[in-house]
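Participant: Fold the following.
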Amino acid sequence: MEIIRYILFTQVFIAFFVAGGVFFKARTLRITTLSLLIALVGFHILLFLYGSGSLSLLYPEFRSWFYYEVAFLFGPLLFVHLQCLIQNKQKLRFIDALHLLPILIFWIGYGDVLLMEGKLRGEYINENFINRTMLWNYFLVFQMVIYAIGCSFLLYLKRFELTKKQQNYSLFMVLAYVCSTILISYLTHFANNWRDFASYYLILTLLIFGVGYLLFKNPDFLKQIRKKYFGSNLSVKDMQRITSKIETAFTEDLLFLDSGLSISKLGKILDEKPHHVSQTFSEYVSESFNDYLNKHRVEIAKKYLHDSAYSNFKIEAIALESGFNNKVTFYKAFTKFSNQTPSAFRKQKKSE
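Facilitator: Modelled structure (predicted):
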């Protein structure tokens, strides 16, 4: 066990070193989330070493502090990082604050224990581990499973929009998190004490070594990803040209009626590189591809809903005619851009 502790302690310094190296590559959300994820892995290992060793007995003031909070951040950071890589997410939005909800729930449910005096807190945790602390261990596992599924699903849906290197990188990151989730799920139920979790942290350090190896083998990797959008030679004139093509394809060719339309497919139709099309949406159109697509679909759906020729069409049929894949997505988009449901919109027309 002592050898493992020395190995893990070494990994803490490696994690901070790699995180610093990644952070100073570029100041973008993509790089920041990756750097923070690696740094928090190192910090979490440090918390484990403190909580499972004699230091927690000598200095009990910080026992259980930040342990759960840091673990709750792994999934959100990985998910946002993948969004940056796959969907060109460049800044956080207010809705991203929902990722912090598990931490808030934890503080509300366990805050009274965290605010206890250090020695008293340690005694309380030991006496009430099964009926209080164990509940939050299961809650953490549940949260990790949700993010493991979410990250895997996101990667699967967008796998064809990535280069081979990006696919390998994303797959590695997701697999590392999924393996960690499976292991922590098993240990949470079957481990006898904190020390049994040493294997989990050894597996978790694969994330650090993996990123470090990628940077060593290809030091320009992150720079290449960054150049995909921020370092390309796409000028404002180019983006104006692509925008004109997009507008023509949508207004004249009604391309948005294709329910399988994607950035990649649009790029092929326009004879433009998909990442140039994506950059044009984010930097020149100042609107996401999905919003731009759904706004056009909603506008034509409004015409159908007010057209007597479509009066016998059900809402779901209108959705399909407008290019949507299903009724649920149609309702969400229609409500977002019209501030009312399709049914209410149709009834309003009839009452006029």
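Participant: helix/strand/coil for the closest residue to I38 other than its chain neighbours?
Facilitator: Leaving out its chain neighbours, the residue that sits closest to I38 by CB to CB, 6 or more residues apart in numbering is A19, at 4.1 Å. Yep, even glycine has a C-beta here, placed from its N, CA and C like the rest. Under the three-state scheme (DSSP: H, G, I helix; E, B strand; the rest coil), A19 adopts helix.
Participant: what separates L183 from A148, distance-wise?
Facilitator: 11 Å (CB to CB, to the nearest Å).
Participant: Mind checking which of the two has more residues around it?
Facilitator: Legend: neighbour count by other CB atoms under 10 Å for L183 and A148, higher for A148 (22 against 17).
Participant: How confident was the prediction at that one?
Facilitator: pLDDT, A148: 93.
Participant: Could you do C151 as well?
Facilitator: Looking at C151, the pLDDT reads 92.
Participant: 540 is where my numbering starts, stick with that
Facilitator: All right, first residue 540 from here; so that's C690.
Participant: which parts of the helix or strand hosting it are buried?
Facilitator: Secondary structure assignment for C690, by DSSP states H and E: helix 673-696. Of the residues in helix 673-696, 675-676, 678-680, 682-684, 686-687, 689-691, 693-694 count as buried by neighbour count, 16 or more other CB atoms under 10 Å.
Participant: Out of these, the closest to T868 would be?
Facilitator: The shortest approach to T868 among these belongs to L693, at 16.5 Å (CB to CB).
Participant: wait, the closest one sits on L624?
Facilitator: No. Taking CB atoms under 8 Å as the definition, L693 is not a contact partner of L624, at 10.0 Å.
Participant: which SS class is K630?
Facilitator: Here K630 takes the coil state, with states given by three-state DSSP.
Participant: Wait, it touches L568, no?
Facilitator: Yes. K630 is in contact with L568 according to CB under 8 Å; the separation is 6.0 Å.
Participant: Those two: who's more crowded?
Facilitator: Of the pair K630 and L568, L568 is the one with more neighbours under other CB under 10 Å, namely 15 against 8.
Participant: Identify the residue nearest the more buried one in space, chain neighbours excluded?
Facilitator: Nearest to L568 is C623, by CB to CB, 6+ apart, at 5.3 Å.
Participant: can you tell me which residues contact that neighbour?
Facilitator: Residues in contact with C623 (CB atoms under 8 Å, 6 or more residues apart in numbering) are 567-569, 572, 629.
Participant: What strand or helix carries it?
Facilitator: helix 606-626.
Participant: related to what we said a few turns ago, for the helix holding C690, name the packing helices and strands.
Facilitator: In terms of contacts (3 or more CB pairs under 8 Å, 6 or more residues apart in numbering; DSSP states H and E), helix 673-696 is packed against helix 606-626, helix 640-653, helix 703-729.
Participant: Can you flag the weakest of those helices by average pLDDT?
Facilitator: The weakest mean pLDDT among these belongs to helix 703-729, with a mean of 78.
Participant: So what's the gap between it and the chain middle?
Facilitator: Distance, stretch centre to chain centre, for helix 703-729: 14 Å (CA atoms, centre = their mean, to the nearest Å).
Participant: And that helix, what's buried?
Facilitator: Buried residues in helix 703-729 (16+ other CB under 10 Å): 705, 708-709, 711-720, 722-724, 726-727.
Participant: can you check stretch 825-834 too?
Facilitator: Buried-residue list, stretch 825-834, by 16+ other CB under 10 Å: 828, 831-833.
Participant: next one: stretch 841-858
Facilitator: 841, 843-844, 849, 852, 854, 857-858.
Participant: Now do the same contact list for K834.
Facilitator: Contact analysis of K834 by CB under 8 Å, 6+ apart lists F876.
Participant: Quick check, pLDDT for it.
Facilitator: In this model, K834 is scored at 92, pLDDT.
Participant: Relative to S877, how far out is it?
Facilitator: Remark: distance between K834 and S877 (CB to CB) = 10 Å.
Participant: which residues make contact with stretch 818-828 from outside it?
Facilitator: With CB under 8 Å, 6+ apart as the criterion, stretch 818-828 contacts 627, 629, 768, 771, 773, 775, 777-779, 781-782, 785, 802, 805, 816-817, 831.
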